[in-house]
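In: sequence and predicted structure are below.
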Amino acid sequence: MAETATQFKERIIKPRRGLIGIDYAELWRYRELFGFLTWRDIMVRYKQTAIGIAWAVVQPLLTVIVFTWIFSRIVKVDVKGPYAIIAFAGLLPWSFFSSALQAGSQSVVMSSQMISKIYFPRLIIPASATLSGLVDFLISMLMMMVLMVHYDVAFGARMLALPLFFLMAFASAFGASLWLAALNVKYRDIKHIVPFIIRIGIFVCPVMLTSGQMAGHATRAVAAWAPGWLTWRLVFSLNPVVGPIDGFRWAILGPQVDPQFAIFWPGMLASLFVTVALLVSGAYYFRQFERSFADVI
Amino acid sequence: MSRPAISIHDLGKLYKLGGTLRHDTLRDKIADGVNALLRRGTAGEKKDERDFWALRHVSFEVEEGTAVALIGRNGAGKSTLLKLLSQITEPTEGEVRLRGRVASLLEVGTGFHPELSGRENIMLNGAILGMTRREIKSKFDEIVAFAEVERFLDTPVKRYSSGMYVRLAFAVAAHLEPEILLIDEVLAVGDAAFQKKCLGKMNSVARDGRTVIFVSHNMVAVRNLCQRAVMLEGGGLAVDGEVNDVVSRYLGGDQHDDRPERVWEDPARAPGDRTLRLHRVCVYDKDGRIDGDIRIEEPFRIAIEYWVTRAGIRAGATAHVWNEDSTLVFSSISNNDEWHTKIKPEGLYRTWVNVPGNFLNAGRHSVSVELWKENYDRSTREDEVLHFHVNDTGGVRGDFMGKFRCATRPDFQWETQCLSEEKVIAWR
């Protein structure tokens, strides 16, 4: 897009070829639309529901109660610290991730009317959809603090790092959503795949149990022939949701409660790497196919 | 000095028809890739039967500050062109240069959310249409007043009547201030008074020095709003010129097919039987000229001439008139003229039916005729012997700018009385 300095910006529309980059200047020009769409998604989330925003409290609370009942009465888990807090610290990033993925992957198809009628950078749609779970997340965070007071867990300075881990969860959900939302335009199979991913995900991610419990000892290598650094824990951390969940447990509970809440750096970096890869590849894939959205949708 | 606000150069858009999905499966992609590798070196591009050029080789320019109408039959490529101009879809070839901010009203109410209130939707829709927050705020009161929804601002729009919904949606769109405005058929909605208001607003937009591209099937609105018109046909540019010329070309349809007269010179080969033969069918306007373009408010006549080739029979004709939707609008039989009961000698006869003005709706009509003898015993029936056009010039329209979806458009008299001034529902 060429923009001259004259009064009128000249815009040239012609077929684009090759890899299409991300037009950051244009995204910046449309920042208000992004704000409005996010605001809309948040506003309509609990419209015409009897208890409204309270759903954001009820859902995670009931889940934690069920988890706690299962894992402290039926199955004894070998970890120090109140189980409710451990489970909730995992549930916070997981619920945000899963609802963001759900909304994000459906977002483009849901906005088909807008896409076939009006031009704007299409990246805004999955971005605002993924971010619309932010309010729910913040409410759950407040609940977490109430629980921490109840279980007498100290508020540490480590909690200041929480926004970073949240950002990581957002980035991985957004990256995955970019792929899924673009694919969903052409192949509606995605609609059936995503709920499945989410249902399986809660068992594959360290939500009910900690990463240490699920991946065995951090130091154990995958096989006798493998190099020492290639541990099960590292492979397990290639799941981009593992990083944020481990981060949340570290920030809220910390290694002094149980050494397994210490950050496992190779794993954290692996999660981060996968997240960034997902985000970058997703953005380019999305840009490549957004041209045909209006024709295919 | 005005320079082109829009320059379109050799624009084309290709669609792949039939089974887009199948064509795009991963398996096909791989197969295509392998084929391409194998065929490397053989010149010439593969032509697919499923390829469809919705638009091709279209070039024209629009001067800054002019209003140009885009007309053409369904499937001519108007909507595709608008979609390309508004960047919703990407062209396959050619290019467009746009000078200035573009806003499109491809359909009012895009992005409206039923759960949000009128106030919230104004903000949201404004942002979607490309207004900044400050612009929307400064125009907010104007928009609300224009839409006449002051009392319902905090009601979710799903509780709005369809009229209120459309009014609000148009009001937001009408307060956009882009340099280039693309409009597609917005006038087909809303009540009469509001449509008049919309047309007025659009007029002022066009007079304001803004460039407007207006797509519509409503020729009255097109004539009112635009100085120039571009007619598309089958994805290509057919006519480009002064609005009245282009509109009459459009209404005239294909000149070869639509002659208002049909003549059979040779009685031996004319349609008919041993007793009756068809000679001529034609349409006369109110001045008695053979004319296939009838003004909607003026009477016209359909004349049928035939030879009686056997003396001593009673005979007559029937005319059927069909509209574009293949609806039989009326049939009329020549059995109330003075010749009806009389026995006819051999010779050439002309019979005609007077069709009143303000009766048929606007559009292309076709005529079928029948000749019959004695007890309506049919000698021949000829379908679609000719076509004529009833042109909407404003008769029986009043200030209503929408579509009349009916076969006839009679000028009936209406009356209204006020029965009670009692307040029935207490709106909050």
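Out: Great, that's in hand. Being a predicted model, the structure only gives us computed values, none of them experimental. Numbers count the residues shown, from 1 in each chain, chains lettered A, B, ... in the order given.
In: helix or strand with the lowest mean pLDDT in chain B?
Out: Within chain B, no helix or strand scores below helix B:20-23, which has a mean of 44 by mean pLDDT, DSSP states H and E.
In: chain A: helices as residue ranges?
Out: Applying DSSP state H to chain A gives helices spanning A:24-29, A:31-45, A:55-69, A:83-110, A:112-115, A:124-131, A:134-150, A:162-186, A:190-204, A:211-215, A:232-236, A:242-252, A:265-289, A:293-296.
In: which one in chain B is furthest away from the centre?
Out: B:Gly312 (49.7 Å; CA atoms, centre = their mean).
In: quick check: closest non-adjacent residue to that one.
Out: The shortest distance from B:Gly312 to any non-neighbouring residue, by CB to CB, 6 or more residues apart in numbering or on different chains, is to B:Ile343 (5.6 Å). In short, each C-beta sits where N, CA and C put it, glycine included.
In: wait, the one you found sits on B:Arg310?
Out: No: assessed by CB atoms under 8 Å, B:Ile343 is found out of contact with B:Arg310, at 11.1 Å.
In: quick one: name the residues of the stretch 51-200 of chain A near chain B.
Out: Within reach of chain B by CB under 8 Å from any CB of the partner chain, the stretch 51-200 of chain A has these residues: A:113-120, A:186-187.
In: only whichever of those are buried, select them in ChimeraX.
Out: To isolate the buried ones among those in ChimeraX, judged by 16 or more other CB atoms under 10 Å in any protein chain shown, type:
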select /A:114,115,116,117,118,119,120,186
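In: I'd like the distance between B:Val212 and chain A.
Out: 16 Å (CB to the nearest CB, to the nearest Å).
In: do B:Asp184 as well
Out: 9 Å.
In: so what's that residue scoring on pLDDT?
Out: Looking at B:Asp184, its pLDDT is 79.
In: cool, the one 10 residues further on as well?
Out: Reported pLDDT at B:Phe194 in the predicted model: 73.
In: I'd assumed B:Tyr165 was in contact with it.
Out: No: in this structure B:Phe194 lies outside contact range of B:Tyr165 using CB under 8 Å: 11.7 Å.
In: between those two, which one's more packed in?
Out: B:Tyr165 (23 against 20; other CB atoms under 10 Å in any protein chain shown).
In: how about the more buried one: what's its closest non-neighbour residue?
Out: Using CB to CB, 6+ apart and skipping residues adjacent in sequence, the residue nearest B:Tyr165 is B:Val157, 5.9 Å away.
In: my read: the one you found touches B:Phe112, true?
Out: Yes: taking contacts as CB under 8 Å, B:Val157 lies within contact range of B:Phe112: 6.1 Å.
In: what sits in contact with each of those two?
Out: B:121, B:165 (CB atoms under 8 Å, 6 or more residues apart in numbering or on different chains).
In: if we can go back for a sec, out of the helices of chain A, nearest to B:Glu338?
Out: B:Glu338 sits nearest to helix A:112-115 of all the helices of chain A, at 63.3 Å, using CB to CB.
In: just how off-centre is the closest one within its chain?
Out: Helix A:112-115 has its C-alpha centroid displaced from the chain centroid by 25 Å (CA atoms, centre = their mean, to the nearest Å).
In: equivalent analysis for stretch B:207-223, please.
Out: Its chain's C-alpha centre and that of stretch B:207-223 lie 13 Å apart, by CA atoms, centre = their mean.
In: got phi/psi on B:Arg409?
Out: The phi and psi values for B:Arg409, taken as degrees, to the nearest 10, are phi -140, psi 70.
In: then the one 4 residues further on?
Out: Note on B:Gln413: its backbone torsions stand at phi -90, psi 140 [degrees, to the nearest 10].
In: in contact with it, which residues?
Out: B:Gln413 neighbours (CB under 8 Å, 6+ apart): none.
In: try A:Leu178
Out: With CB under 8 Å, 6+ apart, A:Leu178 has these contacts: A:104, A:123, A:126, A:279, A:282-283, A:285-286.
In: selecting buried members of those in ChimeraX, what would you type?
Out: In ChimeraX, this line selects whichever of the contacts of A:Leu178 come out buried by 16+ other CB under 10 Å:
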select /A:104,123,126,279,282,283,286
